[in-house]
Each structure stands twice: as structure tokens, then as C-alpha cells.
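# pasting a predicted model and its sequence here:
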Amino acid sequence: MAANTSYQQLTSLSSAQALPSIPDGAYAALLQAETQAVRIRADGTNPTASVGHLLAAGASIEWTQNLALVRVIEAAASAKLNITYFRVPTPVQ
């Protein structure tokens, strides 16, 4: 059975970016701001350091909408974003 989760950490968030390498079949992601706050938008538009939903350092949110439209940027220097993707498990043959 293939793993139904995968993990990434983004450490270079000085410019807005989409979530990288979204696994095939991912239907949700757990996003956690680790060291500094980040800004998030889910409409395909890039957030800025002052515009977008604020995710405070230490806070997390589960995103269950179109992951390809999510954009993130640091709200303060040195932000890290931890991402765990959830996928439908591959059935055992």
C-alpha cells in the first residue's frame, strides 16, 4: 500500500509561491507556520507580507479545497511552512 501522506517544508518564502510538488491524488493539506507567521491566499492570487489570511507562528490549518490555487509568503523574515499532504490510499493488489 502506498503511503497516504507526504511531507514538505518550505524555508524560502520571501516571495509568494504555490505549494510545490502536490502529490497525485492529494485532497487536503495540513499547513503549519513554524518559526514566523505566513500569509495564505486560496484564489490563485499571490499574497503579500501584509495581504492574505494570516497564519501565526505555531498555528496550523487543514486545507481541503483546490490545493493548486494556494499561494503563500512569509509575513516576517525566516518563516518556515510545514506541509503534510493527504491522499487516498492506493489499494493493495
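That came through, no problem.
# all strands of this protein, in order?
5-10, 17-18, 26-33, 38-41, 53-55, 60-63, 71-74, 81-87 (DSSP state E).
# please name the strands paired to the longest one in the sheet, noting orientation.
Each strand that pairs with strand 26-33, with its direction, by DSSP bridges: strand 60-63 (antiparallel), strand 81-87 (antiparallel).
# quick one: closest of the ones you listed to Thr35.
If you check each of the strands paired with strand 26-33 against Thr35 by CB to CB, strand 81-87 wins as the nearest, at 9.4 Å. Heads up, the C-betas are built off the backbone N, CA and C, glycines and all.
# okay, the nearest residue to Lys80 once chain neighbours are set aside: pLDDT?
On the basis of CB to CB, 6 or more residues apart in numbering, the spatially nearest residue to Lys80 that is not a chain neighbour turns out to be Glu34, at 4.1 Å. Glu34 is assigned 95 on the pLDDT scale.
# ok, now which ones touch Glu34?
9, 57-58, 79-82 (CB atoms under 8 Å, 6 or more residues apart in numbering).
# could I get the residues you listed as JSON lines with neighbour count?
Putting those into JSON lines (neighbours: other CB atoms under 10 Å) gives the following:
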{"residue": "Gln9", "neighbour count": "10"}
{"residue": "Ala57", "neighbour count": "15"}
{"residue": "Gly58", "neighbour count": "11"}
{"residue": "Ala79", "neighbour count": "24"}
{"residue": "Lys80", "neighbour count": "17"}
{"residue": "Leu81", "neighbour count": "24"}
{"residue": "Asn82", "neighbour count": "14"}
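# closest one of the residues you listed to Leu67?
Taking CB to CB as the measure, Leu67 lies nearest Leu81 of these, at 13.4 Å.
# in contact with that closest one: list those residues for me.
9-10, 13, 31-34, 38, 72.
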